[in-house]
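Colleague: Fold the following and give me the result.
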Amino acid sequence: MGKGRRWIAAVLMASAGAAGAALAQDSASGQGTYVVAEPRFIESSLELVATGYTFTEGPAWDGKRLVFSDIPGDTVYAYTPGAGAPRVLYTPSFMANGHTFDRRGRLLNAEHGSGALTRWTGKAGRQVLVDAFEGRHLSSPNDVVVRRDGLILFTDPPYGLASAYKGVKRDNETGFSGVFAFDEKAKRMTLVDKALERPNGLAFSPDERVLYVGDTATQTLWAYDIAADGRASGKRLVVDVTDESKPGRVDGLRVDSMGLVYVTCPGGICVVDPAKRAVIERLATPKRATNLAWGGPDLSELYITALTDVYRVKTRARGIGSSSRR
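Modeller: As a prediction, the model looks like this:
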């Protein structure tokens with residue numbers, strides 16, 4: 001075999017996904033071999049739970065129900081399993097895209113139309129948390145996560161500036177696509193990165209020391225080491241999933257309890273092992289996936305927004321963070 005590192009891939013691909021690949025480590029050489037294990041996705045369980053929307057996005061689980069957006073429809077919906085069709089949570093939504101929940105369980109929203117990060121509750125309505133950086137209006141906040149200590153991180157690409165279909169046409173005041181950290185108590189904005197072309201979905205590792213961010217323009221997933229104050233270091237490429245033969249792009253992403261990253265990708269959903277910088281499993285979706293969120297009683301179900309639809313698939317994994325704060 002020689003002294004160089006050599007990986008033996010034994011990954012069985014199917015049309016709706018690939019068998020889960022677990023990494024076995026050779027204690028003597030430090031080299032590894034991919035071996036086939038049970039797939040994480042239970043493919044036969046994939047089902048349509050909602051349809052008939054214009055462009056679904058921003059799924060987030062509150063412990064009992066799924067919140068999601070129809071961006072051009074300017075409406076946020078709530079789907080409760082077993083209770084029939086989703087119901088309107090609130091409208092207008094200022095063309096909200098991504099959602100998550102803060103430490104008190106209140107809904108946070110990344111709004112394309114207003115170019116603001118907001119909080120919404122049934123009693124207080126809509127509250128703007130931040131809409132500018134260094135005196136310049138944000139472009140169109142896209143997705144958002146909250147760390148255990150309350151620090152809010154979000155992406156701000158210019159998608160909502162292009163037209164009235166998914167935003168409000170206006171100038172790009174910041175001049176870049178940003179990834180930001182916002183300390184609500186201190187009212188302090190920290191720029192994490194402004195070099196990604198189209199930063200989109202983001203999620204923390206289980207220990208919340210690493211932030212993962214997807215770049216839709218380049219079909220790549222990146223990792224950053226995040227300090228207590230939100231400053232970033234150690235930026236590194238995790239994986240490039242470019243595949244022009246399949247519809248779909250890097251968009252939303254989530255992490256499971258084992259630290260694997262689930263990201264929308266060409267063809268559906270890719271499971272990425274950050275340690276090996278490789279896609280180890282795939283799930284094909286009937287329509288182009290836009291985002292995803294863990295849900296269900298034990299966070300083992302994955303909800304997927306896909307153009308006009310919302311799907312659900314059972315998994316053998318357990319989700320963490322990002323939507324439900326369990």
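
Colleague: how is the protein carved up into domains?
Modeller: Domain ranges of the chain: 1-39, 80-285, per automatic domain parsing.

Colleague: Reformat these as JSON lines; add distance to F68, mean neighbour count and mean pLDDT.
Modeller: In short, each C-beta sits where N, CA and C put it, glycine included. What follows is those, written out as JSON lines (distance: least, CB to CB, whole Å; neighbours: other CB atoms under 10 Å; pLDDT from 0 to 100):
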{"stretch": "domain 1-39", "distance to F68": "23", "mean neighbour count": "13", "mean pLDDT": "37"}
{"stretch": "domain 80-285", "distance to F68": "8", "mean neighbour count": "19", "mean pLDDT": "95"}
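
Colleague: Just put these in TSV and tack on distance to A60.
Modeller: Output for those, formatted as TSV (distance: least, CB to CB, whole Å):
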stretch	distance to A60
domain 1-39	24
domain 80-285	4
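
Colleague: between those domains, which one is nearest to V49?
Modeller: If you check each of the domains of the chain against V49 by CB to CB, domain 80-285 wins as the nearest, at 7.7 Å.

Colleague: before we move on, back to that, of the domains of the chain, which is nearest L48?
Modeller: Short answer: domain 80-285, nearest of the domains of the chain by CB to CB, at 10.5 Å.

Colleague: Chain neighbours aside, what residue packs nearest to R318?
Modeller: Among residues not flanking R318 along the chain, S257 sits closest, at 4.4 Å (CB to CB, 6 or more residues apart in numbering).

Colleague: Would you confirm that the one you found contacts R316?
Modeller: No: with contacts counted by CB atoms under 8 Å, S257 stays clear of R316, the gap being 11.5 Å.

Colleague: In contact with the residue nearest to R318: list those residues for me.
Modeller: By CB atoms under 8 Å, 6 or more residues apart in numbering, the contact list for S257 reads P206, A317, R318, G319, I320.

Colleague: ok, now D309?
Modeller: L48, A50, T51, Y53, T56, P286, K287.

Colleague: secondary structure class for G160?
Modeller: helix (DSSP: H, G, I helix; E, B strand; the rest coil).

Colleague: contacting residues around it?
Modeller: The contact partners of G160, by CB under 8 Å, 6+ apart, come to M95, N97, E111, H112, G113, G115, S139, S140, K166, G167, V168.
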